[in-house]
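Colleague: only the shape, not the letters, is given here:
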């Protein structure tokens with residue numbers, strides 16, 4: 001079940017579509033005059049947000065045809081790949097903390113960032129919608145697939161809930177392990193801002209593992225680990241953005257130190273790399289299942 005050269009080229013073409021249209025051409029929507037400024041949804045105007053969502057839809061639509069006849073499986077990589085460029089070019093959470101030195105300012109900042117991920121997830125969803133439109137347009141050219149009997153709706157809903165919560169818990173636990181920089185153990189452990197490379201590695205791997213587990217044991221889509229990117233950020237900020245906790249960090253630690261590494265990851269970074277990791281983990285689970293079924297005979 002090795003990827004053929006043609007399949008790799010299709011994947012590269014879909015990723016390149018997102019990198020060019022979202023990552024490069026649309027960068028002006030998020031770029032700031034400050035060179036180290038962090039990318040935040042709240043800093044993008046309403047018109048810019050609408051433009052980005054529409055562009056993400058078009059990107060997914062184009063990526064479907066670029067990677068046809070496997071556009072449904074590959075085209076979804078385009079938009080998160082484009083956002084990944086933004087995530088790498090962005091400043092860090094440390095920069096935001098330095099610009100908001102008081103506890104009150106940081107609490108207001110974190111309240112804004114808490115659900116920032118929902119916008120980035122909406123951008124990813126718009127790309128998915130573009131792929132689905134492309135699939136619908138060409139659906140008449142492909143033979144209809146036989147639908148096999150599936151579990152009841154109650155079982156599906158239960159599996160979805162378990163997959164969503166389980167993915168969030170697995171990803172959060174793994175990110176704390178993989179996204180490590182300088183760690184100080186005093187009255188409690190604190191961790192310094194991880195580098196961009198560490199964040200990329202940690203989020204990709206953590207959500208890849210989460211998607212692999214829920215696919216293998218619950219046989220669910222990568223959609224649920226992808227949605228869980230919002231929950232991971234929201235939960236981490238909720239536990240950190242308390243007045244007493246923020247007061248302690250303002251008085252005791254420099255802006256580059258956090259209670260755990262999950263808090264130091266920007267929402268755009270969590271959603272972009274979390275989505276890519278979820279898709280990769282899902283297909284790794286499919287490949288593993290195929291290997292167990294055919295190669296071990």
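Modeller: Perfect, I can see it now. Being a predicted model, the structure only gives us computed values, none of them experimental.
Colleague: tell me the helix or strand right after the helix or strand bottoming out on mean pLDDT in the chain.
Modeller: Least confident element among the helices and strands of the chain, by mean pLDDT, DSSP states H and E: strand 183-185 (a mean of 65). Per DSSP states H and E, the first helix or strand lying C-terminal to strand 183-185 is strand 189-192.
Colleague: buried ones in that next one, by neighbour count?
Modeller: Judged by neighbour count using 16 or more other C-beta atoms under 10 Å, the buried positions of strand 189-192 are 190, 191, 192. Just so you know, the C-beta spots here come from the backbone N, C-alpha and C atoms, and that holds for glycine as well.
Colleague: ditto for stretch 159-175
Modeller: Buried-residue list, stretch 159-175, by 16+ other C-beta under 10 Å: 159, 160, 163, 164, 166, 167, 168, 170, 171, 172, 174, 175.
Colleague: could I get those as JSON lines with pLDDT and secondary structure?
Modeller: Converted to JSON lines, these look like this (pLDDT from 0 to 100; DSSP: H, G, I helix; E, B strand; the rest coil):
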{"residue": "159", "pLDDT": "94", "secondary structure": "helix"}
{"residue": "160", "pLDDT": "94", "secondary structure": "helix"}
{"residue": "163", "pLDDT": "97", "secondary structure": "helix"}
{"residue": "164", "pLDDT": "97", "secondary structure": "helix"}
{"residue": "166", "pLDDT": "97", "secondary structure": "helix"}
{"residue": "167", "pLDDT": "97", "secondary structure": "helix"}
{"residue": "168", "pLDDT": "97", "secondary structure": "helix"}
{"residue": "170", "pLDDT": "97", "secondary structure": "helix"}
{"residue": "171", "pLDDT": "97", "secondary structure": "helix"}
{"residue": "172", "pLDDT": "96", "secondary structure": "helix"}
{"residue": "174", "pLDDT": "96", "secondary structure": "helix"}
{"residue": "175", "pLDDT": "96", "secondary structure": "helix"}
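Colleague: mind putting these in a markdown table, distance to residue 95 included?
Modeller: Formatted as a markdown table, the buried residues of stretch 159-175 follow (distance: C-beta to C-beta, whole Å):
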| residue | distance to residue 95 |
| --- | --- |
| 159 | 40 |
| 160 | 37 |
| 163 | 34 |
| 164 | 31 |
| 166 | 33 |
| 167 | 29 |
| 168 | 26 |
| 170 | 29 |
| 171 | 24 |
| 172 | 23 |
| 174 | 25 |
| 175 | 20 |
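Colleague: with these in mind, which one is nearest to residue 224?
Modeller: Residue 224 lies nearest to residue 163 out of the buried residues of stretch 159-175, by C-beta to C-beta, at 3.9 Å.
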